[in-house]
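# attaching a predicted model along with its sequence, questions to come.
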Amino acid sequence: LMSFKHSIAKTVGLTRRVIALLTRVSSKPEISFSPKFLVFPVTYRCNLRCKTCFCAEQSKEIGELTLSQMNACLRSLSNSLRHPLENINLTGGELFLRDDIVEIVRCLSSYGTKIIGISTNGMNVRKICDTFELLLNEFPYIEWRIQVSLDGPEEVHNSIRGNKKSFECVILSLACLLKLKRRYSFRLSTNMTISKENITSVKVFYQWLIAKWGNHFSGGFTFSVDSNLYISSQNSEIKNQFKDEEYLNAVREVGTWLYREKDDLFALDVTLMTLGYDRFTPCVFQDEGYFLEPNGNIYKCSVYRDSFIRSGLNERPFDIVEAYRAFNNISHKCPTCLNNCGNYIRSKGYLDFIRSEYVQSREKIFLNYSAWDILTPLVFRKMGIDFIRYKGQSLGDKDLLLVVRGSKLEEVIYSHYNDLRYFLIPVGLGT
């Protein structure tokens, strides 16, 4: 009897999962321009002069908000709390050059903020750790994330950052933050900004991170972006790097490697964009994401000045129509944009990949899955994607083989095939 009840419960559980999965696959994404995610560099001042960023050169011209001005901007964006600013990324320049970080967070917390991410270059070790501990103590109800920039091995990192002590300071900051993790709950990560300066170091550096730190924190990777706003590249060495075919080939190799090694779909997306395919990973700036400059100017995107909406110091209620117009000014650039800000918030993972221009343009799609796997073919059929059950057929140049993890072919695919005709996917596309 107990065995029968267990079987019934298991069947009911599986049925519910299938129904939930199909609902998610078939449902249309809801698009809302109500501000919920905000990237907010509180200063453009910086104690480094990086080759890939020109924030510091803008700091005198742009200036900074006082706490009262900041409050006015946040009140405007949230329509006097009608739309809570749930997720805020505090950054710079180097935000820890400001002495009022705790006061700034007190201001933010009054606008319904649940998640705060902090980005830092790790230079001011003591101030970073002491201030962050104050924040953890005073605001335990906030989900905290802190990311430290680390652009490669010591010599490479220091060359990019323009400071011989930068790498050492980052390591000390990470060690200090790891001690805090023993007593507090927060996410800790590093971020490597990939450019011509360090792309040949990516694989070795990732292996070094794993060997030294293991799984104590996550190592993230982003690709440098040609931008005329925020981390402006207009005067930097990276401005025309994507016109260099040698660099493009390196990006494709590293992007494919990061996808296979870390299951990084955005890295795969970058690889496909360099081959001329439209971006498939969504961006938070396409709906609920906004960028607030240190002078109070509000933008719909953190990459392009053409996305300017208005000054937040004008305290009239936030106008969604204005935001929509600003987005229309830059929406044609989205299919080729390499910026991954907020991608993790909007991403539907492999569902986005399967809907991509790249997958849809394949002549034949072969699917290899185990006999017990009823979810994956069900999802493909629900999405209206024609596939052929793979039984060892030869693949043409424009064909695609998708191998479900756990099937007999998984190890073979990982070991023998590195080109873009072969992909591992999770059962049911991970839904």
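Okay, I see it.
# any idea which helix or strand carries residue 103?
Element membership of residue 103 [criterion: DSSP states H and E] is helix 101-109.
# what bits of the stretch 151-300 of the chain have low per-residue confidence?
Counting by pLDDT under 70, the stretch 151-300 of the chain has low-confidence residues at 232-240.
# so which residues of it form helices?
154-161, 166-181, 202-213, 245-262, 265-274 (DSSP state H, counting those that start in this stretch).
# surely residue 200 and residue 249 touch.
No. With contacts counted by Cβ atoms under 8 Å, residue 200 stays clear of residue 249, the gap being 11.7 Å. C-beta coordinates here come from the backbone N, C-alpha and C atoms, glycine included.
# who's more crowded, the two?
With neighbours defined as other Cβ atoms under 10 Å, residue 200 and residue 249 compare such that residue 200 has more, 14 against 11.
# excluding chain neighbours, give the residue nearest to that one in space.
Once flanking residues are discounted, residue 200 sits nearest to residue 250: 7.0 Å by Cβ to Cβ, 6 or more residues apart in numbering.
# how about the residue nearest to residue 322 when sequence neighbours are not counted, phi and psi?
Leaving aside its chain neighbours, residue 322 sits nearest to residue 309 (5.2 Å; criterion: Cβ to Cβ, 6+ apart). Dihedral pair for residue 309: phi -100, psi -60, per degrees, to the nearest 10.
# ditto for residue 37
Torsion angles, degrees, to the nearest 10, at residue 37: phi -120, psi 130.
# then residue 427?
With angles defined as degrees, to the nearest 10, residue 427 sits at phi -60, psi 130.
# ranges for the strands of the stretch 1-150 of the chain?
Counting by DSSP state E, counting those that start in this stretch, the stretch 1-150 of the chain has strands at residues 37-41, 87-91, 115-120, 143-149.
# what about the residue nearest to residue 200, neighbour count?
For residue 250, using other Cβ under 10 Å, the count is 18.
# please tell me how far it sits from residue 241.
Using Cβ to Cβ, to the nearest Å, residue 250 is found at 10 Å from residue 241.
# wait, residue 355 sits on residue 384?
No. In this structure, residue 355 is not within contact of residue 384 by Cβ under 8 Å, at 10.2 Å.
# more neighbours: these two, which one.
Neighbour count, other Cβ under 10 Å: between residue 355 and residue 384, residue 355 has more, with 13 against 7.
# dump the residue contacts of the nearest residue to the more buried one once chain neighbours are set aside.
Spatial nearest neighbour of residue 355, excluding adjacent residues (Cβ to Cβ, 6+ apart): residue 280 at 6.7 Å. Neighbour list for residue 280: 269, 272, 352, 353, 355, 356, 357, 358 [criterion: Cβ atoms under 8 Å, 6 or more residues apart in numbering].
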